[in-house]
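>>> would you be able to build a 3D model of this:
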Amino acid sequence: MARRSPTLTLVVLLVCVYLVELVVDVFGPGPTAFALATPVAAQPWTLVTSVYAHGGVGHLLANVVGLVVLGVFLERKTSPARFHAFFLASGVIAGLAQVWVADLVGPPVAVLGASGAVFALLGYVVAGNRVTDAVLGGIPLSPRVQLAAFAVLAAAVTLATAGPGVALVAHFTGLLVGLLAGRAHLLRPDRGPAREQRPVQ
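A predicted model of the protein is given here:
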């Protein structure tokens with residue numbers, strides 16, 4: 001039997017969660033029941049729900065398109081369990097970064113949406129491919145320099161995709177997490193880059 005696509009599973013999950021949001025909105029608190037905000041301990045379930053919930057149809061469609069484009073490519077290189085775990089973990093990290101930074105620099109915010117996780121998929125695809133391996137493998141860069149380069153790239157992409165109401169910190173964090181995870185080949189079954197076979201002497 002063919003393996004079930006984790007990308008398709010996620011798309012169905014995102015749509016179902018949005019439908020639940022619409023029902024909850026009729027009877028109660030609406031999106032605030034799903035959105036991540038500080039203090040996180042007050043509504044700990046939002047660590048998960050905020051990754052899969054969305055603020056509107058346009059928000060949902062934009063993330064679904066990104067998920068499909070990137071997920072169909074990436075899911076072939078890992079297991080469904082790792083794909084789902086990476087998507088959720090990167091989304092949670094991105095969301096936490098957004099609300100914590102907002103608390104430090106201004107009024108508190110609430111965040112929801114899969115864009116942080118989608119940006120993490122983008123980062124993984126960019127940093128975890130053979131071309132990037134070949135380029136970075138041929139340039140003697142220290143881990144600190146590579147981290148700085150990834151941070152600059154993440155900042156540039158984040159600013160290029162900025163817009164009103166966009167969670168810039170979440171996008172930056174998700175992309176940076178994806179770039180670092182891709183460079184480490186975190187989703188490979190062997191958890192590391194392919195080892196070159198050398199003849200025994």
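>>> residue closest to the middle of this protein?
Ala117 (1.6 Å; C-alpha atoms, centre = their mean).
>>> and whichever helix in the chain runs longest, how far out from the chain's middle?
If you go by DSSP state H, the chain has its longest helix at helix 80-105. In terms of C-alpha atoms, centre = their mean, to the nearest Å, the centre of helix 80-105 is set 7 Å apart from its chain centre.
>>> helix or strand right after the lowest-mean-pLDDT helix or strand in the chain?
Across the helices and strands of the chain, mean pLDDT, DSSP states H and E gives its lowest value to helix 130-137, namely a mean of 79. As assigned by DSSP states H and E, the chain's next helix or strand after helix 130-137 is helix 143-160.
>>> now the longest helix of the chain: buried residues?
By 16 or more other C-beta atoms under 10 Å, the buried positions in helix 80-105 come out as 82-84, 86-88, 90-99, 101-102. Quick note: C-beta positions are derived from backbone N, CA and C, even for glycine.
>>> coming back round to it: name the element the residue nearest to the centre of the chain belongs to?
helix 115-127.
>>> helices or strands next to that helix in the packing?
Helices and strands touching helix 115-127, by 3 or more C-beta pairs under 8 Å, 6 or more residues apart in numbering; DSSP states H and E, are helix 57-74, helix 80-105, helix 143-160, helix 168-183.
>>> same question for the third one, mean pLDDT?
Think helix 143-160. Helix 143-160 carries an average pLDDT of 86.
>>> any buried residues in that helix, and which?
Applying 16+ other C-beta under 10 Å to helix 143-160 flags Gln146, Phe150, Leu153, Ala154, Val157, Thr158 as buried.
>>> who touches the first one in this structure?
Read that as Gln146. Leu136, Arg183 (C-beta atoms under 8 Å, 6 or more residues apart in numbering).
>>> change it to 10 Å
Going by C-beta atoms under 10 Å, 6 or more residues apart in numbering, Gln146 touches Ala127, Leu136, Ile139, Leu179, Leu180, Arg183.
>>> check the third one too.
Residues counted as contacts of Leu153 (C-beta under 10 Å, 6+ apart) are Gly123, Val126, Ala127, Leu175, Leu176, Leu179.
>>> who wins for most neighbours among the residues you listed?
Leu175 (31 neighbours; other C-beta atoms under 10 Å).
>>> which pLDDT value belongs to it?
pLDDT, Leu175: 95.
>>> from memory it sits against Ala154, does it?
Yes: at 4.2 Å, Leu175 counts as touching Ala154 under the criterion of C-beta atoms under 10 Å.
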